[in-house]
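What follows is a predicted structure for the sequence shown.
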Amino acid sequence: MFIYDLYNSNVKKKNFNQNKTVTFKSHQKWIKNILKSKKSIIYIGIFDTKFGYVRIENLFDNIFNISIAVTDKHIGMGYSGKFLNLSINKFLKKRKNSFLFSFVKKNNFRSKNFFLSNSFFEIKVNDKNKLYQFLKKDNNIFVYFKQLSLKRN
């Protein structure tokens, strides 16, 4: 119920790409598929109580979509970035050659700034790129580059 409730509350706030709340029945089907999948995973953040989740789903090959949702009560408390990075580190230990992308609505500045401050970089894709099929017209796309050793001057 926690993931279902948190997801739908974010849809209502227009934070997610989906613009319709999901029914409990469709949520149950989706969560069963995620839990059975060897290529996708959900991490639940707990600090005294459940405060959020990180979802990583396989798009194709070694390309994964990552998203995070946190309860209103815990936004701005510093848990989100730590939780995201712990989840990424755990995920990449098992899948070293994977790439993580996040699709963020263009008008969701809080999420954009959050991903930029957590080792993601905004990229542009065109219709020849395989990721293009997942990109909605009002999205920005961010790629996680922390696993690459980038040198900055």
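Alright, I've got the coordinates.

Only C-alpha atoms from now on, for both contacts and neighbour counts.
Noted.

what's the next secondary structure element after the longest helix along the chain?
Ordering each helix of the chain by length in residues (DSSP state H) puts helix 79-94 first. The helix or strand immediately downstream of helix 79-94 is strand 99-105, counting by DSSP states H and E.

if I pick the residue nearest to the spatial centre of the chain, what's in contact with it?
With distances taken as CA atoms, centre = their mean, the residue of the chain nearest its centroid is residue 67 (1.0 Å). Listed by CA atoms under 8 Å, 6 or more residues apart in numbering, the contact set of residue 67 reads 54-56, 102-103.

again with residue 114
residue 81.

tell me which residues of the host helix or strand of it are tucked away?
Assigned by DSSP H and E, residue 114 falls within helix 109-116. Residues of helix 109-116 classed as buried: 111-112, 115 (neighbour count, 16 or more other CA atoms under 10 Å).

tell me the angle of that helix relative to helix 79-94?
Helix 109-116 and helix 79-94 meet at an angle of 40 degrees, taking axes from the mean of the first three to the mean of the last three CA atoms, to 10 degrees as the criterion.

where does helix 109-116 sit relative to the chain's centre, distance-wise?
The chain centroid and the centroid of helix 109-116 are separated by 12 Å under CA atoms, centre = their mean, to the nearest Å.

relative to strand 99-105, how tilted is it?
Using the same axes, to 10 degrees: helix 109-116 against strand 99-105 is 160 degrees.

Give me the distance between the closest residue to residue 62 other than its chain neighbours and residue 57.
Spatial nearest neighbour of residue 62, excluding adjacent residues (CA to CA, 6 or more residues apart in numbering): residue 98 at 4.8 Å. Distance of residue 98 to residue 57, given as CA to CA, to the nearest Å: 11 Å.

Fine by me, we can end here.
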